[in-house]
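**Student:** Here is my input; please provide its structure:
(chains A, B and C)
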Amino acid sequence: MNIIVCVKQVPGTNEVKMNKETNTIIREGIESIINPFDTYALEEALRIKDAYKGKVTALSMGIPQTAQLLKQTMALGVDEAILLSDRAFAGADSLATSYALSMGVKKINNYDLIICGKQATDGDTAQVGPSLAEKLNIPHITYVNKIEEIGDGFIRCTRLTSEGYEVIESSLPALLTVIEDLNVPRLPSIKNLREAKNREVAILNISDINADSKFTGLSGSPTQVVKTFIPEYNINNEMIEGTPAEQAEKLVDNLLSLGLSVQ
Amino acid sequence: MTLKKYHIKLYLNLNCIYKLQDSFGVNYLIITLKRGQFVMENVLIKKLEKEHQDYLRDESRRTGTGESISFPKTEKEIIEILSSLKSNGILITTQGTRTGITGGAVPEGGHVLSLSRMNKVIGLRYDEKAQTFFVKVQPGVVLSQLRLALKKKEFDDTENWDNESLKAFEKFKNSGEYFFSPDPTETSASIGGMIACNASGACSFKYGPTRNYIEAMRIVLVDGAVISLSRGENKAENGSFTICTSSGKLFKGSVPNYLMPKVKNASGYFTSKDMDLLDLFIGSEGTLGIVSEIELKLLKAPKVHYAVTAFFDQEEKALKFVQSIRENASPVAVEYFNSNVLNLLRREKTENPAFGKLLDLPSHFNSAVYTEYAGNSDEEVEDMLMKAGEIIESCGGNEGDTWVATSPQANEQLHFFRHAVPESVNLLIDKRRKTHSAITKLGTDMAVPDSCLEEVMNLYNKSLEEAGLESVIFGHIGNNHLHVNIIPRDMDDYYKGKELYNSWAEKVISMGGTVSAEHGIGKLKTHLLGKMMGIDGIKEMKALKTLFDPENRLNRGNLFEE
Amino acid sequence: MSSIKILKDKCVGCKLCVNSCPFGAIKIEDKKAVILDNCTLCGSCVSTCKFKAIELTKDEVKGVDTSEYKGIWVFAEQKEGVLESVSLELLGQATRLAKDLNTDVSAVLLGHYLENTAKELIAYGADNIYCIDDPSLSRYNDESYANIICDLIKQYKPDIVLFGATAYGRSLAPRISSRLNTGLTADCTILEIDKEKKILLQTRPAFGGNLMATIVCPNHRPQMSTVRPKVMKAIEPDYNRKGNIINPQITVPTSTKVKVLDVCNFPKEDLNLEDAEIIVAAGRGISDSKNMKLVEELAQVLNATVGASRAAVDEGFIEYAHQIGQTGKTVSPKLYFACGISGAIQHLAGISSSEIIVAINKDPDAPIFKVAHYGIVGDIEKVLPQLIEKFRENLVK
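**Tutor:** Just a heads-up that it's a prediction; the model follows:
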């Protein structure tokens, strides 16, 4: 089984604070981490490798510093780590990202399964998985919480829905996006880290993967951000005065005006 | 409430409530009842009602009694309250957030003085010499809130700060990360409570206990006088000291003569011939005075933290590793989990869905040592890890049998493992209580000097086996401070356990150790303190106590057997 | 290739751009701004610079002739004939957007035995229904649904297509947008029309909700968005409305690479505090166990889940399963009522993610009032009955 795991580098925290006087955003010098949902994808890939033998490749699109994080995945048992890095990839939305990743996957060429985390904690869009599967013209299954069986040319999983779960079977190759209930990610040992120190992450640029810059980065992004702002929450600490009847009325009015509705 | 005699003539209407302030500035309500009869109540002092039931307990689950309660917001209010209670000799028990586990905050009648509403951070300063920040807080500030405020660099009450603090705040916002290092597991503890028992946590192995981070304090004595102390400015000289209160009154006394054990310690009063007098009050469990304001020392936070749990197939190898790592490296924390702990976790993982997120423990994992490393770059800390790996191998261990955390998510997994230990023990006890309701766990808090680590482990292991009791051993092995938790199956076990506990205390004391390294004595371990100090030691402690609290009204029941 | 550069002769090193960058991708070196590798070309800094020292060149993005695309579509998600409420909410929003664009609203309905469902959709605002009725579509299938909807879009060219951000919607929408090479914005909380450019303004939270971003898709069609349930409002259904039911000539795929073998629903959970949207919680301050009835009644009126503080559980007012706090459950409701709860830090730890906290307590100094958005100092026995009555009067179920 040859498995590709898509991994994204995200900020360690989402704290974005506002300097109220200058009306500007304050960002701390925050460390970068591997998107937590991707760690479950990595773990699942490694478990499949343990069970069925094969190869696990970690694939990421990011800035050059991402290579350091990818190296950590090698300490877990990932056989090869590839970083797609190029100025032409900057400013990509999920379509441009999935295009670039698809060219990276095509470069790797030999794969049975692609596993992604369900979403990234900075964008939260959960779009790249299905979008990438489309670019590769392979089937996809989202919100997988258990892989039941992998057989000759097929995979069977359960995936979560709003009200329960479904059992789905797909031909291979296929792409899965996985959720956090799937497994408990292993931690590397000191021995693993020591051995990974000498491993290298392959860094590929746009021409290495034969990608067209028209479809990558900002140029390849149909969506654009036109405005960003800190949301104003119109709620303060308000003490409601009056008789119990008056208090109740004021409170109900306030809540209804905030949009309270019940199912 | 007893009426005070005031030589004032007032014509009061019936069935009314009047406000009155006496010459001490104390506020009263006069509630008139019938002709010629009225009651006077201090506005701050409330009758202890059903809704205050929680304030009769702390986490030791011991329940006390009390008649009145107050929630002062300022030092002035504390003094007012003390003044009202003075003439009737009412007992006073000071409380923070009642997270202690030795009954220190449990009142034995009288008045409950809850400092939980004194929870503001009131100032900040930068010290050029110390090259760090100092933060001024009220005693009711909760550790988790302080940590959050320091991390986010946001404080609730800055509009009331003086200019010096505001300037320091600007500098603070533009400096790197600073933190308050004492890390007791219960983060909802109050600073005042942490001072009362000189609290410690896992990282106290490197950074030291709460004591090391108290720079200054204001203390209200039982008669309402206020002492203000700053580190380095008030010291004992050859065992004698003089303290001057705000009103000019002098306290002259001597520090106890006993020698404190050379271990991590939270038993009894701190003493040494030329001690800083601030240390008299830290770890005094509220028996000498009421802390009303504290200045805390912060440390610059290292940028990178890694942690590793190392598994050994034999306890001897684990102990060897502990001794080697603390000599040859400088970990921030060194924690231990014996084979019974691992077995308990293995069982819980299969039986309890809440423990599903525990990683699998292969059968050759017998015992575990958790160590933490901090530095300013990834390379620096990675080197520390590699070195730790070499030390593991040199102790007969396998550096492949380790779990390394280099990200917050992975750290979470290791923390989950650590916290699962006391959780599992509590769950097991709860199960057993269903058939034997009087069962509680028996946990020790004793520490010995470095040279006695092996000896004390042998003592615990052998005696537990001989007694046939179920137990787990885990804790701050870096300081030779292990929590032995005996888990009784029935009352027979319980009594056997208690006996064993007392016999251990004697042995630990003879090794030069302490009966309480971090939890304090409170009301539950007074007999152990007695054993440790001996009659003379207790007498000396009592003399100190009598100096500051002649009528023994403050936190009666703590430290001394009644 | 798009690029960004600092015009060094104009830059004065004032740092305004450094502060405005949400990604921390600008630093000052030798008194001039320098753009770092992690710049995402979002352009936030360009408008912040008072000296016009930042130049962002965006390549002409070749798109489609947008004038060919008209109409607003809503994917009508249904299960066994029952429509997901989010689809109805989206229809409501679509009718509002359609007014601004002077266009109509259509629903896309796939499944089997769809007659009644189609009528519902018209009542809730659809002018047209594109109805594909086939037994193979009775269960949702990513592959066949994506194929059919893509074909429909290619044939009928809608301007805007909206999906509910349900498990299915979040799987389907990106597959379709990727095939059509168009833009998709997920989890939009605000959808509006830019009156000048006549395009959709899609606003969504980023960085876990700490920042809001408004996104457009100017040169590609259709403009696609997903929206979470309960964010938009459905219109009052009007069963007298008229609409067109269209049965397009579309190939329904006979075999797919993905097969749904089994569908299981979780049993309706009686007590799910962690997912509850509204919680009414009791503390020791409700005084008497008989007042639990008031708490339960308020919960019932609001279709809320009942919670409790540790003190209330210790007092025996309710079982441990309802306990919220450090030693109980952590909750993140939209609305949290703390009745007679003093606000001990261990309890607050369990409710800190609540959107709105309402506290009712006798004691004006109770710590809960510091974190409550609305506070009522009063007697539970007097206040709760009033609340129950007022909510009953005002809430339309």
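**Student:** C-alpha coordinates for the helix or strand hosting C:E393, CSV please?
**Tutor:** Here C:E393 sits within helix C:380-394, counting by DSSP states H and E. Extracted in CSV, the C-alpha atoms of helix C:380-394 (Å, rounded to 0.1, in the frame of the first residue of the first chain):
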residue,chain,number,x,y,z
ILE,C,380,-34.9,32.5,41.7
GLU,C,381,-38.4,31.7,42.9
LYS,C,382,-39.6,35.1,41.7
VAL,C,383,-37.6,35.6,38.6
LEU,C,384,-37.8,32.2,36.9
PRO,C,385,-41.6,32.1,36.7
GLN,C,386,-41.5,35.5,35.0
LEU,C,387,-38.9,34.4,32.6
ILE,C,388,-40.8,31.2,31.7
GLU,C,389,-44.0,33.2,31.1
LYS,C,390,-42.3,35.9,28.9
PHE,C,391,-40.4,33.3,26.9
ARG,C,392,-43.6,31.4,26.3
GLU,C,393,-45.3,34.5,25.1
ASN,C,394,-42.6,35.6,22.8
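**Student:** Quick one: name the residues of the stretch 51-200 of chain C near chain A.
**Tutor:** With C-beta under 8 Å from any C-beta of the partner chain as the criterion, the stretch 51-200 of chain C meets chain A at residues C:58-59, C:61-63, C:79, C:142-143, C:166-168, C:170-175, C:177-179, C:181-187. C-betas here are computed from N, CA, C, even on glycine.
**Student:** buried subset of those residues?
**Tutor:** C:58, C:61, C:79, C:142-143, C:166-168, C:170-175, C:177-179, C:181-187 (16 or more other C-beta atoms under 10 Å in any protein chain shown).
**Student:** What about the residues you listed, which are in helices?
**Tutor:** When DSSP state H is applied, those are split such that C:142-143, C:167-168, C:170-175, C:177-179 fall in helices.
**Student:** For these, name the two members farthest from one another.
**Tutor:** Longest distance between any two of those is 19.9 Å, between C:A167 and C:R179; criterion C-beta to C-beta.
**Student:** Quick one: neighbours of residue 158, just the number.
**Tutor:** Defaulting to chain A. 19 (other C-beta atoms under 10 Å in any protein chain shown).
**Student:** ah, I was thinking of chain C
**Tutor:** Applying other C-beta under 10 Å, we find 22 other residues in the vicinity of C:P158.
**Student:** Contacts only, for B:C203.
**Tutor:** Neighbour list for B:C203: B:S181, B:P182, B:D183, B:V332, B:A333, B:E372 [criterion: C-beta atoms under 8 Å, 6 or more residues apart in numbering or on different chains].
**Student:** let me redo that: B:L280
**Tutor:** By C-beta under 8 Å, 6+ apart, the contact set of B:L280 is B:V255, B:Y269, B:F270, B:T271, B:L288, B:L544.
**Student:** Please report how far the closest residue to the second one other than its chain neighbours lies from chain A.
**Tutor:** If I follow you right, that is B:Y269. In this structure, B:Y269 finds its nearest non-sequential neighbour in B:M541, 5.4 Å apart by C-beta to C-beta, 6 or more residues apart in numbering or on different chains. Using C-beta to the nearest C-beta, to the nearest Å, B:M541 is found at 47 Å from chain A.
**Student:** How is B:M541 assigned, secondary-structure-wise?
**Tutor:** helix (DSSP: H, G, I helix; E, B strand; the rest coil).
**Student:** What about it, how many residues nearby?
**Tutor:** Neighbours of B:M541 under the rule other C-beta under 10 Å: 21.
**Student:** Quick one, grab the pLDDT at residue 181.
**Tutor:** Picking chain A for this. With respect to pLDDT, A:D181 has a value of 83.
**Student:** nope, chain C
**Tutor:** As predicted, C:N181 sits at a pLDDT of 96.
**Student:** ok, now C:F369?
**Tutor:** Per-residue confidence for C:F369 comes out at a pLDDT of 92.
**Student:** how about the nearest residue to it, chain neighbours excluded?
**Tutor:** Closest to C:F369 by C-beta to C-beta, 6+ apart is C:G375, at 4.4 Å.
**Student:** what's the answer for C:C131, then?
**Tutor:** For C:C131, ignoring the flanking residues on the chain, the nearest one in space by C-beta to C-beta, 6+ apart is C:L109 at 5.1 Å.
**Student:** Equivalent analysis for B:N479, please.
**Tutor:** Nearest one to B:N479, counting by C-beta to C-beta, 6+ apart, is B:K264 at 4.3 Å.
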